[in-house]
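Colleague: Just the structure for this:
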Amino acid sequence: MAEIPLARQYLQTTFSILQQVLHYEQANLDAATRLIAESLESGGVLHVFGAGHAHLFAEEVAYRAGGLVPVNPILDYGYTLMGGSASRSTRLERLEGYAKILLGNYDLRSGEVLVIVSQSGINPGPVEAALAGKEKSLHVVAVTSRGQSRLLPSRHSSGKRLFEIADVVIDNHVPTGDAVVELRPDLPKVSAVSTVVGAAILQSLVAEVAARLLQMGTEPPIWISANVPGGDEHNLQLAAKYPSRIKSF
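Modeller: Down below sits the predicted model:
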């Protein structure tokens, strides 16, 4: 049997964090599920925002096999490595005013839900997105690390951190610094875990929202793989119900 102690440590740590999410965040997951399901049932769209590596979460639940159709990923090249260097993305996430301009280009309607994912929850990007969502009377759901965020001051002029603005906060229970595997005490830890945990949280919400819609008497609109027979036709038919409102199709 191969010796993979650090891989085993990473996977076991990830599993342990997911168990904490399951144990401690049930009420928050349920609250987010209710808000999203009620919005979608009334014809709304779910918006998902993240800056830096957190932009991956907007892609994770948009136009994905097994995912909900009315999901609008809020994406911007400036917040990703595709837009230039990593330091450029970091500077833009810390630039006040940028997120507000970005969200101004989207059709955000009162009563809809805006999910914002940020490990630290202190940078102007996610904080400003949350404030903009609240200004437009959206319900803001945050996926963030309360433990890390509480230790750090906000970088936004409001002095607010993401968890202090959101209507519902789902704590990802990821430790400060994100990386979880120690090579040696004098070296930085390796292997970030927030992406794995965050994706699991969002996909668990997809499952609960779909089930809640069924309970409400509404058949959930679900993408299927475009690489199976009939996939394109199925998806085209569903996408036609949300003309111009979802940017993932």
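Colleague: just checking, what packs against whichever strand or helix holds Ser191?
Modeller: Per DSSP states H and E, Ser191 falls inside strand 190-192. Counting by 3 or more CB pairs under 8 Å, 6 or more residues apart in numbering; DSSP states H and E, the packing neighbours recorded for strand 190-192 are strand 179-181. Yep, even glycine has a C-beta here, placed from its N, CA and C like the rest.
Colleague: The strand it packs on - contacts with which helices or strands?
Modeller: Using 3+ CB pairs under 8 Å, 6+ apart: strand 179-181 touches helix 5-24, strand 190-192.
Colleague: Buried residues, the longest one. List them.
Modeller: Burial within helix 5-24, assessed by neighbour count using 16 or more other CB atoms under 10 Å, is assigned to 10, 13-14, 17-18, 21.
Colleague: now swap in the shortest one and tell me
Modeller: Buried residues in strand 190-192, defined by neighbour count with 16+ other CB under 10 Å: 191-192.
Colleague: send the alpha carbons of whichever helix or strand comes after it over as CSV?
Modeller: Using DSSP H and E, the helix or strand that directly follows strand 190-192 along the chain is helix 194-215. What follows is helix 194-215, C-alpha atoms only, in CSV (Å, rounded to 0.1, in the frame of the first residue of the first chain):
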residue,chain,number,x,y,z
SER,A,194,-11.8,26.4,1.4
THR,A,195,-12.6,25.6,-2.3
VAL,A,196,-13.5,22.0,-1.5
VAL,A,197,-15.6,22.9,1.5
GLY,A,198,-17.3,25.9,-0.2
ALA,A,199,-18.2,23.8,-3.3
ALA,A,200,-19.7,21.1,-1.0
ILE,A,201,-21.8,23.8,0.8
LEU,A,202,-23.1,25.2,-2.4
GLN,A,203,-24.0,21.8,-3.9
SER,A,204,-25.7,20.8,-0.7
LEU,A,205,-27.8,23.9,-1.1
VAL,A,206,-28.7,22.9,-4.6
ALA,A,207,-30.0,19.6,-3.4
GLU,A,208,-32.0,21.1,-0.6
VAL,A,209,-33.5,23.9,-2.8
ALA,A,210,-34.5,21.4,-5.4
ALA,A,211,-36.2,19.2,-2.8
ARG,A,212,-37.9,22.3,-1.3
LEU,A,213,-39.3,23.3,-4.6
LEU,A,214,-40.8,19.9,-5.1
GLN,A,215,-42.4,20.2,-1.7
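Colleague: How about whichever helix or strand comes after helix 194-215, which residues are buried there?
Modeller: The C-terminal neighbour of helix 194-215 among helices and strands, as given by DSSP H and E, is helix 231-239. Buried residues in helix 231-239, counted by 16+ other CB under 10 Å: 234-235, 238-239.
Colleague: Equivalent analysis for stretch 24-38, please.
Modeller: The neighbour-count check on stretch 24-38 (16+ other CB under 10 Å) flags 25, 28-29, 31-33, 35-38 as buried.
Colleague: Average pLDDT for that stretch, rounded please.
Modeller: Stretch 24-38 shows a mean pLDDT of 98 in the predicted model.
Colleague: so who does His173 touch?
Modeller: 17, 20-21, 24-25, 145, 147, 197 (CB atoms under 8 Å, 6 or more residues apart in numbering).
Colleague: Could you check the pLDDT of the closest residue to it other than its chain neighbours?
Modeller: Using CB to CB, 6 or more residues apart in numbering and skipping the chain neighbours, the partner closest in space to His173 is Gln20 (4.2 Å). Per-residue pLDDT puts Gln20 at 98.
Colleague: that older thread, may I ask which two of the buried residues of helix 5-24 are separated the most?
Modeller: Tyr10 and Val21 (16.7 Å; CB to CB).
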